[in-house]
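Asker: Here is the input, now give the coordinates:
(2 chains)
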Amino acid sequence: MPELRLTPSMRILAGLLEIRTGQTLSENRFWRIETLLRPIVRSNRLRGLDDLVAAIQADPAGPLARAVVDALLNNETSFFRDEYLFRMVSHDLIPALMEEVRASGREKHLRLWCAGCSTGQEAYSLAMLFRDHQARWPGWKMQIVATDISNEAVERAREGLFSQIDVQRGLPIGSLLRWFQPEGDQWRIDGALREMIDFRVGNLFEDGGPLGRFDMIFCRNVLLYFSPGRKRELFHVLSRHCGEGGYLLLGAGETVIGHSNDFVASRRFRGAYERARPVSLGAGVRAAGQAGRGGRP
Amino acid sequence: MTNCLVVDDSKVIRKVARHILESLNIKVAEACDGRDALTQCQNAEHDVVLLDWNMPVMSGMEFLQQLSALKATRPKVIFCTTENGLAHIKAALEAGADEYVMKPFDRDTLESKLQLVGVI
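Answerer: Numbering: from 1, shown residues only, chains lettered A, B, ... in the order given. So this is what the prediction gives:
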């Protein structure tokens, strides 16, 4: 395999991604830049990455720069990714949270946040999980806030239209029958699930208004794209949004340990994290801003 | 090691499926129609059958019905077909299929479906 020539334009484009999203693209993955940006280069009738960088520098806040950042983000996701985690959430975590809510006398209402929701498969999986088990949880409501930095990904998530390949990854055929309708060669998700989810565009590190606090935060396969400093910062943001008795769920292979003291591993639920100490919901949350994503559930 | 019987009248599809399944460390046997598959199921134990719908001699649906009548504990059955309409999917599930793959498929799809039926 020929050695990849790292050009100044590649470094500039990787830098643009990091500035806009906090995501780091390591040099051994720079090959992705040319591959991912080729359609943009072609559709704008540019000669290559050097021309693309020149065009972005002429209008750094314009649609071309946004399209480049969107294209460089990793949209990899699937329904019920890491099935064991959804089983644990359904069998153990949600009932435990409901018990705590009941004991505190709060309204029968759970709030979930998918931080880095990509094209929506994780959020829709959670909505399906809740609706499929609703007979076990009479009177309960679930609100899901799902955020991502990519406009394009959030638009696709809101649309709720998935390809044949999308609906065959992780989604049991019975769930396809129950929750989707064919539309041409694609599959449209049920409006009842769509109504449970508030999809928003936002950056994890920028001020975008308060999201409030959540009983569960899913921030899965996001951390792997961030530097150690950014990871620490992200955990801090997440801890401010994690409600009393709430949980953080990470992707397989991701951990809080060694990155932050804001969360500790749950002793009751394997793979879940609890907030290390109470934090008051004040100006800090507003400053922390609206959330987005770095990676994909 | 998981054993999979790939039932398809297309040699190309069987070859593609075999390549993917073997990359998942699955032992593969092949059958070119439902009757051939039924004979093989009587003579050997399989954990899962990857089953085409439209085949000469005996269709996938006939195979599934006869297999269910024949064996109390039968292998998991995953339909793998170009019949991608809701009516076909419902009919397959009603007949006892465990999962359904709509062709064309790739490695991720097959792996996901095999995980869903619990054989890997």
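
Asker: When you work out contacts or count neighbours from here on, use the C-alpha atoms and nothing else.
Answerer: Fine.

Asker: Between the two ends of stretch A:181-193, what distance do you get?
Answerer: 13 Å (CA to CA, to the nearest Å).

Asker: State the mean pLDDT of that stretch.
Answerer: Stretch A:181-193 carries an average pLDDT of 97.

Asker: And it, what's buried?
Answerer: Buried residues in stretch A:181-193, counted by 16 or more other CA atoms under 10 Å in any protein chain shown: A:182, A:187, A:188, A:189, A:190, A:193.

Asker: How about the residues of chain B by chain A?
Answerer: Within chain B, the positions near chain A by CA under 8 Å from any CA of the partner chain are B:86, B:90, B:99, B:100, B:101, B:102, B:105, B:108, B:109, B:112, B:113, B:116.

Asker: now the residue nearest the centre of chain A: how far from residue A:227?
Answerer: Closest to where the C-alpha atoms of chain A average out (CA atoms, centre = their mean) is residue A:116, at 1.5 Å. Computed with CA to CA, the distance linking residue A:116 and residue A:227 is 16 Å.

Asker: How about residue A:200?
Answerer: Distance from residue A:200 to residue A:227, by CA to CA: 24 Å.

Asker: more crowded one of these two?
Answerer: In this view residue A:200 and residue A:227 are compared by other CA atoms under 10 Å in any protein chain shown, and residue A:200 has more residues nearby, 21 against 15.

Asker: beta partners of the residue lying closest to that one once chain neighbours are set aside?
Answerer: Computed as CA to CA, 6 or more residues apart in numbering or on different chains, the closest residue to residue A:200 that is not its neighbour in sequence is residue A:147, at 4.8 Å. Using DSSP bridges, the beta-bridge partners of residue A:147 come out as residue A:115, residue A:200.

Asker: Residue A:147 - how many residues pack around it?
Answerer: Burial of residue A:147 is recorded as 30 neighbouring residues (other CA under 10 Å).

Asker: was I right about it contacting residue A:115?
Answerer: Yes - taking contacts as CA atoms under 8 Å, residue A:147 lies within contact range of residue A:115: 5.4 Å.

Asker: ok, residues contacting the helix of greatest length in chain B?
Answerer: In chain B, assigned by DSSP state H, the helix with the most residues is helix B:11-23. Here helix B:11-23 makes contact (CA atoms under 8 Å, 6 or more residues apart in numbering or on different chains) with B:6, B:7, B:8, B:27, B:28, B:30, B:32, B:107, B:110.

Asker: SS state for the last one?
Answerer: Same thing as residue B:110. Secondary structure state of residue B:110, per DSSP: H, G, I helix; E, B strand; the rest coil, is helix.

Asker: Could you report the distance from it to residue A:165?
Answerer: With CA to CA as the criterion, residue B:110 and residue A:165 are 11 Å apart.

Asker: okay, these two: which has more neighbours?
Answerer: Neighbour tally, residue B:110 and residue A:165, criterion other CA under 10 Å: the higher count belongs to residue B:110, 22 against 17.

Asker: Okay, the closest residue to residue A:129 other than its chain neighbours and residue B:62: tell me how far apart.
Answerer: Nearest residue to residue A:129, sequence neighbours excluded (CA to CA, 6+ apart): residue A:90, at 7.1 Å. Using CA to CA, residue A:90 is found at 37 Å from residue B:62.

Asker: again, but for residue A:77
Answerer: Counting by CA to CA, the gap from residue A:77 to residue B:62 is 36 Å.

Asker: the more surrounded of those two?
Answerer: Higher neighbour count among residue A:77 and residue B:62: residue A:77, with 21 against 16, using other CA under 10 Å.

Asker: wait, doesn't that one sit right on residue A:116?
Answerer: No - in this structure, residue A:77 is not within contact of residue A:116 by CA under 8 Å, at 10.3 Å.

Asker: Would you mind checking the residues of chain B next to chain A for buried ones?
Answerer: Buried among the residues of chain B next to chain A (16+ other CA under 10 Å): B:90, B:99, B:100, B:101, B:102, B:105, B:109, B:112, B:113, B:116.

Asker: Put together JSON lines for those, with pLDDT on each row.
Answerer: Below are these laid out as JSON lines (pLDDT from 0 to 100):
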{"residue": "B:90", "pLDDT": "97"}
{"residue": "B:99", "pLDDT": "98"}
{"residue": "B:100", "pLDDT": "98"}
{"residue": "B:101", "pLDDT": "98"}
{"residue": "B:102", "pLDDT": "97"}
{"residue": "B:105", "pLDDT": "94"}
{"residue": "B:109", "pLDDT": "95"}
{"residue": "B:112", "pLDDT": "96"}
{"residue": "B:113", "pLDDT": "97"}
{"residue": "B:116", "pLDDT": "96"}
